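Participant: Any chance you could fold what I've pasted below:
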Amino acid sequence: MAFVQESTGYEKTILSDLQGAWSRLRDSVVDEAGFEGWDRAIFHIDEAMSWESVRNLRGMPPLLLVIRNICVQGKASEEIMENIREVDEILKEVLSECIS
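Facilitator: Here you go, the predicted structure:
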């Protein structure tokens, strides 16, 4: 029986950039847990990073808007808000390249 070998060369794509941006956002919210709504923000970030959302990228912008609103209302730090802007920029690029 032949075994499938793991590829040793991976091409970095805009989707990997998007995944990294979501991860940085999640990490920053966890690191600064305590602002009002941080736990709800984590829930929606996890939803946005789920397989279902990745398979339907059009579902991400509404989730990002909910996350942004929670963080603004909860007075999240500037670092978190910057990470939200980063996700937004990359997501817009992904949607323009991947969805026609």
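
Participant: so where is this structure shaky, pLDDT-wise?
Facilitator: 1, 5-12, 99-100 (pLDDT under 70).

Participant: how about the helices in this structure?
Facilitator: 14-31, 38-48, 51-55, 60-73, 78-98 (DSSP state H).

Participant: Format those as a markdown table; extra columns: mean neighbour count and distance to residue 4.
Facilitator: For every residue, glycine as well, the C-beta is placed using N, CA and C. Shown next, in a markdown table, are the helices of the chain (neighbours: other CB atoms under 10 Å; distance: least, CB to CB, whole Å):
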| stretch | mean neighbour count | distance to residue 4 |
| --- | --- | --- |
| helix 14-31 | 17 | 21 |
| helix 38-48 | 18 | 30 |
| helix 51-55 | 11 | 21 |
| helix 60-73 | 18 | 31 |
| helix 78-98 | 16 | 26 |
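
Participant: Format those helices as JSON lines; extra columns: distance to residue 2.
Facilitator: JSON lines is the format used below for the helices of the chain (distance: least, CB to CB, whole Å):
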{"stretch": "helix 14-31", "distance to residue 2": "29"}
{"stretch": "helix 38-48", "distance to residue 2": "37"}
{"stretch": "helix 51-55", "distance to residue 2": "28"}
{"stretch": "helix 60-73", "distance to residue 2": "38"}
{"stretch": "helix 78-98", "distance to residue 2": "33"}
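
Participant: State the phi and psi torsions of the closest residue to residue 36 other than its chain neighbours.
Facilitator: Spatial nearest neighbour of residue 36, excluding adjacent residues (CB to CB, 6 or more residues apart in numbering): residue 74 at 3.9 Å. Note on residue 74: backbone dihedrals following degrees, to the nearest 10 are phi -90, psi 0.
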